[in-house]
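>>> Build me a model from this:
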Amino acid sequence: MTRTTTASTSTGTRVAFGEHERTPFRDHPALTLDARLTVGAGRARIVASHDPATGTEQVVLMLGETVGAHDVPVRVVDEEALLIEGSRYAHTPQLLIGDSALAITDNPAPRRWEVGRQLREGGPIRALLELSGAQSVEVDWLPATAAA
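Residues are numbered from 1 along each chain as shown. Here you go, the predicted model:
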């Protein structure tokens, strides 16, 4: 497996995906949804995966042309409003991760913590982000020391 590199940038922490990087989830992601659609005025792709470890669904909306892109911003948004939130972003590419508890708790911190953990260690969220084809992503809530 290729080592993941991280670096602090002015707006957040950059996480680069290795060219031949594989996680157990990326080799055979249990995709439950993979669809291309139009969101707002742009093209998008929505993917979902079943996480066997927790029994939950992970959902990512990929806005714009993510293949080969660098420093693609990652955001956590309310899963129920994922498509509505996606239509509000004028700047693409963007990767939006759905959080089913955000509407109830109004606290993205637990989901952000889990996304950060999976960016470092691997897991279904990281595998879905890698499916975007982005060379690197940028996370504005994850300190560089935690990502390294």
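>>> helices or strands up against the helix or strand containing Glu130?
Secondary structure from DSSP states H and E places Glu130 in helix 124-131. In terms of contacts (3 or more Cβ pairs under 8 Å, 6 or more residues apart in numbering; DSSP states H and E), helix 124-131 is packed against helix 24-27, strand 42-51, strand 56-63, strand 94-99, helix 109-121. Yep, even glycine has a C-beta here, placed from its N, CA and C like the rest.
>>> Now do that helix against strand 56-63, angle only.
Comparing the axes of helix 124-131 and strand 56-63 via axes from the mean of the first three to the mean of the last three Cα atoms, to 10 degrees yields an angle of 30 degrees.
>>> and whichever helix or strand comes after helix 124-131, what does it pack onto?
Following helix 124-131 in sequence order, the next helix or strand is strand 136-139 (DSSP H and E). If you count contacts as 3+ Cβ pairs under 8 Å, 6+ apart, strand 136-139 packs onto strand 13-16, strand 72-78, helix 109-121.
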